[in-house]
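>>> My questions are about this predicted structure, shown below with the sequence.
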Amino acid sequence: MTKFNTIHNNKASSTLYRKNASYKGFYVLGILMLSLIAFAPVVDAGCSCSGGTWDPSGFLNSEVGTGQPAQPGSAQNSAAGNSGNGTAGRQKSFDRVASFPNGAILKAMKSVSSSDVVMDVSNTDSYSTSHIKNAIHIPSKVFLNGEGNLKTDEELAKVLGDAGLSRDDSIVLYAGKESSGEAEFAFLVLRYLGQKDVKLLDGSLADWKAAGLPEETSENILPGKEYGPMVKPEVIAEYQYVKSGQAQIIDVRPFVEFGKGRIPGSIALDPANVIKGDKIKIGADLSTVFSRLDKEKPIVVYSDDYSRSALVWYALQLMGYEASLYTWEDWKAHENADAPDGTTPAAAGSKYTKLGST
């Protein structure tokens, strides 16, 4: 009996020892894991990366990946992880319209009502495939003549009147691709003609469908009206004003073209820097992109493409800047007239500034 008890006690002690050893093992493992977490190096997602021989003063808050420094803690960086599950809810509830000083020119999708005239300005055939219910179709390219220049005031008014629009209508614009600049260009034209109430839809047709909002494929045609324009000449800049130096000049052509020749004193800005994904960046990020600009001084945006310049012009409008639009072709035409050898004068030897992205 004593022998049995001894064996039994030894087995029990052995079992207890093994259990204690297991517990100690888990305890030690836990301590090691906590130590690794506590002393692991912190990775800075907004690291400063540099390359090439660019003058740092010529760039502004560029993203990692462009080879230029990013601003740590910027709104853009903090929003970079918004695609994760932990922030999905916050992103959905974020009010983009309220993030802009002049958000009144942007229309949230679910605030579109039956009293609005919705206008699809896509230059592709996407309208016939699908469009917002009751939307009419006026491709933005119809605002240009055969030479690619803006039509006369009378011609523009006729386009809108024939489409059934009046200056008193509440108009909401959208294009098949939100960041194409087509809707922004149409917005500029309507603003130029004095449209009282015109906004851009904050979302693409894909976003509209994803939200479960009504769509259709049938064409909508409104009865013609007499469109009475009240032209706002300050929307389109003229040569003498641009040459006077009264305004800050932003060149939004491809940078290689900027290098070949530009209006003296111009600032280079790639339109891609005002968008993220297929949307215009939120107000905090645009504020960083435009941080080198003087908000008390007017701005002229120019290009050889109305959609490119209108995209940046509209972003400036959202941020409350006083901005107008100009064309490179008009500058060349006036400068060539004054150049006896027929060449295009350019500020190729001047120091340039390049606005970057957040």
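That came in fine, so what should we check first?
>>> And the helices in this structure?
Secondary structure of the chain by DSSP state H: the helices cover 2-39, 75-78, 85-93, 126-129, 153-162, 182-192, 205-210, 239-243, 255-260, 283-289, 306-318, 328-338.
>>> Export stretch 313-329 to CSV, keeping only CA atoms.
Provided in CSV are the C-alpha atoms of stretch 313-329 (Å, rounded to 0.1, in the frame of the first residue of the first chain):
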residue,chain,number,x,y,z
TRP,A,313,-9.5,76.1,-61.5
TYR,A,314,-12.4,74.3,-59.9
ALA,A,315,-10.2,73.0,-57.1
LEU,A,316,-9.2,76.6,-56.4
GLN,A,317,-12.8,77.6,-56.4
LEU,A,318,-13.6,75.0,-53.8
MET,A,319,-10.8,76.4,-51.6
GLY,A,320,-12.1,80.0,-51.9
TYR,A,321,-9.4,81.4,-54.2
GLU,A,322,-10.2,84.1,-56.8
ALA,A,323,-9.2,82.4,-60.0
SER,A,324,-9.7,82.8,-63.7
LEU,A,325,-8.8,80.7,-66.8
TYR,A,326,-6.5,81.5,-69.7
THR,A,327,-5.0,79.6,-72.7
TRP,A,328,-1.4,79.0,-73.8
GLU,A,329,-2.6,79.5,-77.4
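>>> got the buried residues for it?
For stretch 313-329, the buried set under the neighbour-count rule, 16 or more other Cβ atoms under 10 Å, comprises 313-319, 321, 323-328. All C-beta atoms are positioned from the backbone trio N, CA, C, and that covers glycine.
>>> mean pLDDT for the helices of the chain: which is lowest?
Lowest mean pLDDT of the helices of the chain: helix 75-78, a mean of 39.
>>> Take the buried residues of stretch 313-329 and lay them out in JSON lines including distance to G181.
JSON lines is the format used below for these (distance: Cβ to Cβ, whole Å):
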{"residue": "W313", "distance to G181": "9"}
{"residue": "Y314", "distance to G181": "8"}
{"residue": "A315", "distance to G181": "10"}
{"residue": "L316", "distance to G181": "13"}
{"residue": "Q317", "distance to G181": "13"}
{"residue": "L318", "distance to G181": "14"}
{"residue": "M319", "distance to G181": "17"}
{"residue": "Y321", "distance to G181": "17"}
{"residue": "A323", "distance to G181": "15"}
{"residue": "S324", "distance to G181": "16"}
{"residue": "L325", "distance to G181": "12"}
{"residue": "Y326", "distance to G181": "16"}
{"residue": "T327", "distance to G181": "14"}
{"residue": "W328", "distance to G181": "16"}
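>>> Kindly indicate which of those lies nearest I221.
The shortest distance between I221 and any of these, using Cβ to Cβ, involves Y314 and amounts to 27.7 Å.
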